[in-house]
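# structure, please.
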Amino acid sequence: MNRHEPNFSPEELERYARHIVLPEIGGPGQQKLKRARVLVVGAGGLGAPVLQYLAAAGVGTLGIIDDDTVSLSNLHRQVVHDASAVGRRKTESAAAAILRINPHTIVERHDLRLEAGNVGALVAAYDLVVDGSDNFETRYAVADACAKEKRPLVHAAVGRFDGSLTVLKPYEQDSGGQPNPSYRDLFPEPPPAGLVPSCAEAGVLGALTGVMGTLQAMEAIKLIAGIGEPLVGRLLLYDALAARFDIVRYKHAG
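From the prediction side, this is the model:
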């Protein structure tokens with residue numbers, strides 16, 4: 001038996017058995033997941049599968065930031081909520097769902113909107129951040145704070161039938177000694193107001209958020225466990241209608 005395993009209860013050992021038998025995860029990797037503190041920005045379409053799969057995977061502490069309430073129009077994609085949650089705070093509904101999935105997970109609710117005055121302290125309190133926000137103002141604020149506080153950021157965005165995903169660690173260097181790219185290397189400036197329609201305006205296929213949010217959870221698990229090759233300096237693009245994935249490489253602008 002791995003020396004890390006006694007820290008798990010018998011119920012936890014059974015719960016995570018399929019992880020523990022993976023050589024890449026094992027007892028040590030599962031311990032890393034249990035010790036991890038992950039902040040999820042948004043309990044919406046992307047945040048829903050992120051929260052569900054990270055809780056199921058055994059992440060010890062999940063922080064949820066969202067200042068919105070559940071509406072009926074959310075339910076086709078925000079599957080962490082159900083019809084009985086309409087009108088409730090999203091953090092409250094999501095926390096209840098998480099604890100139904102895994103009562104060993106600690107949930108920290110942040111019923112607020114991220115802004116320059118609070119984002120730094122929130123990010124610094126966690127080991128890793130997953131951004132499921134739906135606007136560029138929040139995305140820039142989160143990315144800048146993660147870069148300053150040296151926290152890995154798993155970022156995704158969706159619209160209509162298309163999604164994108166990347167991992168940002170601009171405080172580290174690549175194998176060639178060059179700084180990893182930042183979010184501002186990928187998007188130097190936000191698009192002009194009105195150019196990129198919101199999901200409410202343009203629509204979004206519900207299952208698309210499930211695909212991209214699950215991929216975000218996968219990248220987060222890789223980062224926590226220290227396995228595989230995270231999407232640093234690579235932007236994964238998903239075209240749902242064509243069933244096609246593409247990778248675009250990008251670099252630090254210098």
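
# let me see the ranges of the strands in the protein.
Using DSSP state E, the strands of the chain run over 37-41, 61-65, 106-110, 128-131, 153-159, 162-168, 234-239, 244-249.

# show me the contacts for the nearest residue to Gln178 once chain neighbours are set aside.
Distances taken as C-beta to C-beta, 6 or more residues apart in numbering put His252 closest to Gln178, at 6.0 Å, once the chain neighbours are dropped. Bear in mind the C-beta positions are built from the backbone N, C-alpha and C, glycine included. Neighbour list for His252: Pro170, Gln178, Pro179, Asn180, Pro181, Ser182, Asp185 [criterion: C-beta atoms under 8 Å, 6 or more residues apart in numbering].

# now, these that are in helices?
Asp185 (DSSP state H).

# just the buried subset of the contacts of His252, written out for ChimeraX, thanks.
Here is the ChimeraX command that selects the buried residues among these (16 or more other C-beta atoms under 10 Å):
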select :170,179,180,181,182,185
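
# dump the contacts of His252 to TSV, plus distance to Gly213.
Formatted as TSV, those follow (distance: C-beta to C-beta, whole Å):
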residue	distance to Gly213
Pro170	23
Gln178	30
Pro179	28
Asn180	23
Pro181	23
Ser182	23
Asp185	24
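
# among the contacts of His252, which pair sits farthest apart?
Using C-beta to C-beta, the contacts of His252 span at most 12.4 Å, a distance reached by Gln178 and Ser182.

# for Asp82, see how far away Leu75 is.
The gap separating Leu75 from Asp82 is 7 Å, by C-beta to C-beta, to the nearest Å.

# circling back: point out the least confident one among the contacts of His252.
For the contacts of His252, the model is least confident at Gln178; its pLDDT is 92.

# surely that residue meets Lys251?
Yes - look at Gln178 against Lys251 with C-beta atoms under 8 Å: they come within range, at 7.4 Å.

# average pLDDT for stretch 59-70?
The average pLDDT for stretch 59-70 rounds to 97.

# quick one, phi/psi of the nearest residue to Ala147 once chain neighbours are set aside?
Closest residue to Ala147 apart from its sequence neighbours, by C-beta to C-beta, 6+ apart: Pro170 at 4.9 Å. Backbone torsions of Pro170, given as degrees, to the nearest 10, read phi -70, psi -10.

# one more: the one 4 residues further on?
Note on Asp174: its backbone torsions stand at phi -80, psi -180 [degrees, to the nearest 10].

# next, the buried residues of stretch 153-165.
Leu153, Val154, His155, Ala156, Ala157, Val158, Gly159, Asp162, Gly163, Ser164, Leu165.

# which residues of the stretch 1-150 of the chain score low on pLDDT?
1-6 (pLDDT under 70).

# hey, where'd the helices end up in this protein?
Counting by DSSP H, the helices of the chain are 10-15, 17-20, 26-35, 47-57, 90-101, 119-124, 136-149, 183-186, 199-202, 206-225.

# nearest approach to Phe245 belongs to which of the ones you listed?
Ranking those by distance to Phe245, with C-beta to C-beta as the measure, places helix 206-225 first at 9.6 Å.

# all set, thanks.
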